[in-house]
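Chemist: Okay, predicted coordinates and the sequence, questions at the end:
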Amino acid sequence: MSLSAALLPLTAAHAAAQAPAPALTAATTDAFGRIADSVLSDRTAALVEGAAPSLSAASAVKATGGVRVAADLAKSEASAVTSLHGTRSRLAALGEAYTDGDTKVTVDSTRLRGRTATVLVTEATTLTYAKIRGDEPATTGFTAHHELVFTAAADGTWQLTRERITDRGPRPVNEPVAVTAAAPVRPSAVIDAPKSAITYPAPANPKNLGSGTTYNYAAMATYAEKYWKNYNTAYRRYNNAGGDCTNYLSQSLYAGGWKQVTNSREDYDTWYSVTSGESDTWIGVNEWSWFTQTAKRTSALANAYQMDVGDVLQVDFDKDGAKDHSMMTTYRSSSGVPYLTYHDADTYRRSLSSLIASYPNSAYYAYRS
């Protein structure tokens, strides 16, 4: 959709005659969903070479039931699409492209207060990998949750005035937003991981995935890909309490044979999920790193492109010393590109190249499990 044409200026007469706030009807809710779908679909289309906007300028207002995008947000979205063109260019330089993208939006709830409607939606996006090297998986996908605010204009029509993603962790590839986090204090007794290079191709560092290994890496990947969007109800969720990424990672490692440690004199020598709760090392990004490095459950990889199935990637998005997010490698192409699956926003087989293209200045930590 051409957002620059999605808002028609209000006349002075409209402004002078303040109409009552319109009611939220099923048609209005449907229109909210259409405009959200259009905005987010345009972001996805910006990543696909030659993709057309979701709605033409001429049909934009009609197709969304009269709901418009406010002028300030239209400018912001235009900048977002421009930023995503930059992401697409960085992806191309890293040997990745998408031949198709599909975004669908579901309205989860609406709340009306006066002349303001707050709408929660779920975005489900699938991108089809171009066969550049020939060994890419078929698709990558994610689900993301957004909050949109609509305001009733003076003439009684609705305008989208604000949008934000509510998930933690890496922003989806079609979301041009930075992430920040406070750096925790690392205990002196624990070992921290060194940063990994992100140059491609990486020096060879093969991993034994066959029989006779301590852990079942295929089982780790199978678990992660089974529960990437349909959560395992046997475990607690931490999406609204700091993020679920490391909790989900720990579950996957446990499914592949990692043993829980429930008793120790040191805080960072335990790793468990029991009826009464989880250890900090099970659910915390930095705490997980401190435990696994100190206990020698993992070894640091010199280059993130060396990761194989069952290996782990953590990212410090703003390089403030705090690792912000954990994810597992669930697929590795024969040309040496790892693909990550993770929670917050729930994502399936996102390439390492895609993460680097979205966050080229972040710090990366790769672990062999």
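Modeler: Noted; the coordinates are in hand. Numbering: from 1, shown residues only.
Chemist: Going by C-alpha atoms from here, please, whenever you check contacts or count neighbours.
Modeler: Will do.
Chemist: got the residue ranges for the helices in the stretch 1-150 of the chain?
Modeler: Along the stretch 1-150 of the chain, the stretches classed as helices by DSSP state H, counting those that start in this stretch are 12-16, 26-45, 60-63, 71-93.
Chemist: Would you format the ones you listed as CSV with mean pLDDT, mean neighbour count and distance to Glu287 included?
Modeler: Formatted as CSV, the helices of the stretch 1-150 of the chain follow (pLDDT from 0 to 100; neighbours: other CA atoms under 10 Å; distance: least, CA to CA, whole Å):
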stretch, mean pLDDT, mean neighbour count, distance to Glu287
helix 12-16, 43, 11, 55
helix 26-45, 94, 22, 34
helix 60-63, 48, 18, 48
helix 71-93, 89, 18, 31
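Chemist: JSON lines for those helices, including distance to Asn174?
Modeler: Converted to JSON lines, the helices of the stretch 1-150 of the chain look like this (distance: least, CA to CA, whole Å):
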{"stretch": "helix 12-16", "distance to Asn174": "36"}
{"stretch": "helix 26-45", "distance to Asn174": "5"}
{"stretch": "helix 60-63", "distance to Asn174": "21"}
{"stretch": "helix 71-93", "distance to Asn174": "7"}
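Chemist: what's the closest of those helices to Asp316?
Modeler: Within the helices of the stretch 1-150 of the chain, the stretch nearest Asp316 is helix 71-93; the backing value is 18.7 Å (CA to CA).
Chemist: which sections of this structure are below the confidence cut-off?
Modeler: Along the chain, segments meeting pLDDT under 70 span 1-21, 52-65, 177-189, 264-267.
Chemist: how deep is Asn240 tucked in, by neighbour count?
Modeler: By the measure other CA atoms under 10 Å, the count of residues near Asn240 is 11.
Chemist: heads up, I number from 22, so please use that
Modeler: In the new numbering, first residue 22, that becomes Asn261.
Chemist: how close does it get to Lys340?
Modeler: Per CA to CA, to the nearest Å, Asn261 is found 24 Å from Lys340.
Chemist: again with Lys152
Modeler: Note on Lys152: its distance to Lys340, by CA to CA, is 33 Å.
Chemist: Same question for Ser217.
Modeler: 13 Å.
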